[in-house]
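Novice: sequence and predicted structure, then a few things I'm wondering about:
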Amino acid sequence: MESSLRSAAFGDGVPPPDPFAVPASPRGRLLAAIGLGARGRYAAAATLLNGLRANGGPVFASLAASTLASHRRQLGGHAAALVLDGEALALVITEPPGEPDPDGLDAEGARADALLGLAADNLGRGRLTAARRLVARADVHCGNWRTRTRAGWVGAEIELAGNISGAAIAPAEMAWETAHARGACRHVVKSSLVLAVTIANGGSAERDRAKALVETARETAEKYEFNSLLWVACLLEADFGAGHADEYRSRSAELLHAVLRHADPCGRWLARESPWVPL
């Protein structure tokens, strides 16, 4: 069961045969929560993650807090995520390395997740200098493909927020290439969206590439029901598909409302209050 959950979270994207059969191990519960969150099932994910925060041991409690923080950010709750990422870092700041995990579900990966999460939280609150410092601190812990991919996302988003779009391309390309090399379906989708945004303002050839990246990402997200990314992909598709913009915006709104129906009360409140979520 754990292997199919890992594959769904970090591999081919295919959900396990029985998505409701959650393993008893902390790693299995974390993987199940990651898969649920990817599909916009935030309330079910939060139940598992809060359980791990309470009794998963330092590393898995930290990873759970970082994962819940990412779900809060996806609903526009950067301030709420900041608290969770701070908790995640405090849990593992002095934790010994331990047994390495190929996907970063270990102490080093947990430290990187917390620092990159804090960078994203500060970015969302307009604190670019703090975000840059945190990405630099995370660099020494980015020894696996997943944390390198996430570092690429955050690095690109910082440069875009600072209106240095040219500097955003290299980290976005790195994230896309790293996710492709791993064969991580969901991370390829997110990397494609980030890369498309970074190159969209280039010449016609780059704009055509950006459009193709978004279209492929939307189709893949639709296929595997990555609803946490699909509503965003549809919004970006609206920007590129002049003849079908209203259709894609309507589809995005439908998906977002479906996601919010599966969110916990805190998540729904954060989305309603956030300037980032187009309710």
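Specialist: Perfect, I can see it now.
Novice: tell me which helix or strand the closest residue to Tyr224 other than its chain neighbours sits in.
Specialist: Spatial nearest neighbour of Tyr224, excluding adjacent residues (C-beta to C-beta, 6 or more residues apart in numbering): Gly13 at 4.1 Å. Every residue, glycine included, has its C-beta placed from N, CA and C. Gly13 belongs to no helix or strand when assigned by DSSP states H and E.
Novice: ok, and the closest non-adjacent residue to His187?
Specialist: In space, and not counting its chain neighbours, His187 is closest to Ala179: 3.8 Å by C-beta to C-beta, 6+ apart.
Novice: can you report how many residues lie near that neighbour?
Specialist: Counted with other C-beta atoms under 10 Å, the neighbours of Ala179 add up to 26.
Novice: list the helices and strands the helix or strand harbouring Ser250 packs on?
Specialist: Per DSSP H and E: Ser250 is located in helix 245-261. Using 3 or more C-beta pairs under 8 Å, 6 or more residues apart in numbering; DSSP states H and E as the contact test, the elements touching helix 245-261 are helix 227-240, helix 265-273.
Novice: I'd like to know how far Phe60 sits from Leu193.
Specialist: Separation of Phe60 from Leu193 (C-beta to C-beta, to the nearest Å) stands at 28 Å.
Novice: actually, Val154.
Specialist: Between Val154 and Leu193 the computed distance is 14 Å (C-beta to C-beta).
Novice: about what we covered before: phi, psi of the residue nearest to His187?
Specialist: Main-chain dihedrals, Ala179, degrees, to the nearest 10: phi -60, psi -40.
Novice: shift numbering so it begins at 864
Specialist: Got it, the first residue is 864 from now on, which makes the last one we talked about Ala1042.
Novice: ok, it - contacts?
Specialist: When contacts are counted by C-beta atoms under 8 Å, 6 or more residues apart in numbering, Ala1042 is found next to 1008, 1012, 1050-1051, 1053-1054.
Novice: packing partners for whichever helix or strand Ala924 is part of?
Specialist: Secondary structure from DSSP H and E places Ala924 in helix 920-937. Packing partners of helix 920-937 (3+ C-beta pairs under 8 Å, 6+ apart): helix 889-901, helix 905-918, helix 941-955, helix 970-987, helix 1128-1136.
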